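> my questions are about this predicted structure, shown below with the sequence.
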Amino acid sequence: MVSCTFCDIIDHRIAAEILYENDTVIAILDVNPIHYGHALVIPKRHYADFLALPRTELPGIMEAAHIVAGALVSAYHLQGYNFFSNNGVIAGQSVFHFHLHITPRFPNDDIIFTLKLKKYEEGKMREAANAIRAHIHSSLE
């Protein structure tokens, strides 16, 4: 396997500000935060992205994310936060070890998500849903 910064942090070969840790998950402060308090929740086993992650890992990751998000809200008296994961280069993933970002939001923090929302043409929404449902059903068989 190629060298992985998060694996090195998990194995304590690289120092990090650890916020939370149990047998399967570690949460740390991001060294390049969007805002101070920006945390990363990382499974201890290496998975390149969300789809590589076994479903059995999800409950532990979500529980850790819930604990960390609650602590951020309390520590910073937050009115809100963003919770996201970048998967793939095109989505902005830079460390190819799955992780969740939890970043505090503050009034007038100059973070703007510019979205160009679309409308489905007649019948295209059902067509898209049918294609997705077919893949969901085949993955559950």
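Arrived safely, thanks for sending.
> can we go C-alpha only for contacts and neighbour counts from here?
Will do.
> ranges for the strands of the chain?
18-21, 25-29, 39-43, 80-84, 100-105 (DSSP state E).
> so who does residue 92 touch?
residue 86 (Cα atoms under 8 Å, 6 or more residues apart in numbering).
> to residue 136, which of the strands of the chain lies closest?
Residue 136 sits nearest to strand 80-84 of all the strands of the chain, at 22.2 Å, using Cα to Cα.
> ok, the closest one: who's next to it in the sheet?
strand 100-105 (antiparallel) (DSSP bridges).
> which residues touch residue 61?
So residue 61 contacts 25, 41, 42, 43 (Cα under 8 Å, 6+ apart).
> switch to 10 Å and redo it
By Cα atoms under 10 Å, 6 or more residues apart in numbering, the contact list for residue 61 reads 24, 25, 26, 27, 41, 42, 43, 44, 67, 99, 100.
> same check on residue 51?
87, 98.
> if you set the cut-off to 6 Å instead, what comes out?
For residue 51, no contacting residues are found, by Cα atoms under 6 Å, 6 or more residues apart in numbering.
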